[in-house]
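Asker: here is my input, please return the structure:
(one chain, ligands or ions: 1)
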Amino acid sequence: MNAAHAVKPERELAWLDVEAVSVRFGGVRAVTDVSFGVHRGEVLSIIGPNGAGKSSLLNVISGVYRAQQGRLHFEGQLLPQASPRDAAQRGIGRTFQNLALFRGMSVLENVLTGRVLLMRSSMLAHAAAWPRAQREERAHREAAHRVIDFLGLQRVRDMPVHQLPYGLQKRVELARALAAEPRLLLLDEPMAGMNSHDKHEMSRVIVEANRKLGITIVLIEHDMGVVMDVSDRVVVLDYGKKIADGRPGAVRDDPAVVAAYLGLAQAA
Ligand SMILES: Nc1ncnc2c1ncn2[C@@H]1O[C@H](COP(=O)(O)OP(=O)(O)OP(=O)(O)O)[C@@H](O)[C@H]1O
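Answerer: Okay, here's the model as predicted:
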């Protein structure tokens with residue numbers, strides 16, 4: 001066959017397929033031509049020095065930011081960009097780098113807000129206490145209770161969130177994200193600012209959510225000990241570009257990664 005007529009085979013898409021994504025803010029290139037795949041059932045960590053583009057990438061996947069270039073596919077479907085609601089409805093959940101809870105509301109109420117997109121009855125039906133709406137509300141409360149039990153938050157269930165220590169507040173945030181029943185959960189520095197005991201606890205519940213609930217997890221984390229412990233695979237960004245992608249041990253020993261982090265140590 002004439003080489004000119006050879007058809008390039010279609011690339012096989014990963015479960016979440018990030019293809020040549022670039023994000024710019026004015027003159028700042030936050031993410032440049034980054035591609036990687038997330039396999040169903042894994043814990044994948046995204047690491048890299050401050051400002052490497054990790055949160056921007058997560059924001060593109062969760063529909064918060066629009067990429068100027070590139071495409072995303074989730075479960076074989078092209079993801080429309082900059083639509084957090086669409087991403088959530090497709091089963092992509094997330095937490096944010098800074099606490100984003102309703103501080104005056106109880107733990108249970110916060111977790112219930114995670115189920116808003118799963119609610120079918122209108123607010124009016126709930127307000128009028130129609131039987132179907134009541135049944136639905138009961139089911140949502142039961143689901144919220146299950147998540148609270150899963151994360152060991154029963155004792156503080158009715159407390160206002162602002163009265164809880166920081167480590168527990170971060171766990172409530174995770175509970176709210178789990179309440180939405182995501183298949184893919186994006187966690188942006190869920191252990192930032194935690195002491196080592198709380199970090200250990202948070203790592204444990206993340207691994208349990210992955211293993212027991214079958215949720216695929218993409219995690220941004222700075223603590224290399226945690227990354228090595230919990231990740232099946234690691235993607236490394238530096239100045240917006242992907243510099244490594246592989247098993248944790250291989251990535252840790254990768255000369256390009258060592259150089260990126262050594263550069264950081266020398267600059268400090
Ligand atoms: N909304 C925005 N507007 C303007 N610039 C932004 C915005 N979001 C991110 N940036 C810039 O894009 C670059 C990458 O930022 P990003 O937050 O994605 O990095 P990061 O790897 O998550 O950093 P960190 O570890 O410090 O959270 C930085 O230079 C940042 O200042």
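Asker: what residue ranges in the stretch 151-268 of the chain score low on pLDDT?
Answerer: Scanning the stretch 151-268 of the chain with the threshold set as pLDDT under 70 gives 262-268.
Asker: swap in 90 and give it another go.
Answerer: The stretch 151-268 of the chain contains residues with pLDDT under 90 at 167, 192-193, 259-268.
Asker: so where do the helices sit in it?
Answerer: Counting by DSSP state H, counting those that start in this stretch, the stretch 151-268 of the chain forms helices over residues 166-179, 196-213, 224-230, 248-252, 255-267, given from the N-terminal end onward.
Asker: can you add distance to Y65 and give those back as TSV?
Answerer: Yep, even glycine has a C-beta here, placed from its N, CA and C like the rest. As requested, these are exported to TSV (distance: least, CB to CB, whole Å):
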stretch	distance to Y65
helix 166-179	19
helix 196-213	24
helix 224-230	24
helix 248-252	25
helix 255-267	23
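Asker: nearest to the ligand, of the ones you listed?
Answerer: Between the ligand and the helices of the stretch 151-268 of the chain, the tightest spacing by CB to the nearest ligand atom is seen for helix 255-267, at 11.2 Å.
Asker: please identify the most buried of the helices of the stretch 151-268 of the chain.
Answerer: Among the helices of the stretch 151-268 of the chain, judged by mean count of other CB atoms under 10 Å, the one packed with the most neighbours on average is helix 166-179 (a mean of 22).
Asker: next, the angle from that one to helix 196-213.
Answerer: 10 degrees (axes from the mean of the first three to the mean of the last three CA atoms, to 10 degrees).
Asker: how far is helix 166-179 from where the chain is centred?
Answerer: The offset between the C-alpha centroid of helix 166-179 and the centroid of the whole chain comes to 13 Å, using CA atoms, centre = their mean, to the nearest Å.
Asker: tell me what that helix is packed against?
Answerer: Counting contacts by 3 or more CB pairs under 8 Å, 6 or more residues apart in numbering; DSSP states H and E, the secondary-structure elements packed against helix 166-179 are strand 92-95, helix 107-113, helix 131-150, strand 184-188, helix 196-213.
Asker: same thing but at 6 Å, please
Answerer: Secondary-structure packing of helix 166-179 (3 or more CB pairs under 6 Å, 6 or more residues apart in numbering; DSSP states H and E): strand 92-95, helix 107-113, helix 131-150.
Asker: what's the angle from the last one to helix 166-179?
Answerer: Using the same axes, to 10 degrees, the inter-axis angle of helix 131-150 relative to helix 166-179 is 140 degrees.
Asker: may I see the buried residues of helix 131-150?
Answerer: A133, E136, E137, H140, A143, A144, H145, V147, I148, F150 (16 or more other CB atoms under 10 Å).
Asker: quick check: domain ranges of this protein?
Answerer: The record assigns the chain these domain ranges, following automatic domain parsing: 13-91+182-268, 101-181.
Asker: figure out which of those domains is closest to the ligand.
Answerer: Of all these, domain 13-91+182-268 sits nearest to the ligand, with 3.3 Å by CB to the nearest ligand atom.
Asker: relative to the whole chain's centre, how far out is that closest one?
Answerer: Using CA atoms, centre = their mean, the distance between the centre of domain 13-91+182-268 and that of its chain works out at 8 Å.
Asker: same deal with stretch 146-158?
Answerer: 21 Å.
Asker: surely S106 and D158 touch.
Answerer: Yes: assessed by CB atoms under 6 Å, S106 is found in contact with D158 at 5.1 Å.
Asker: done for today, thanks.
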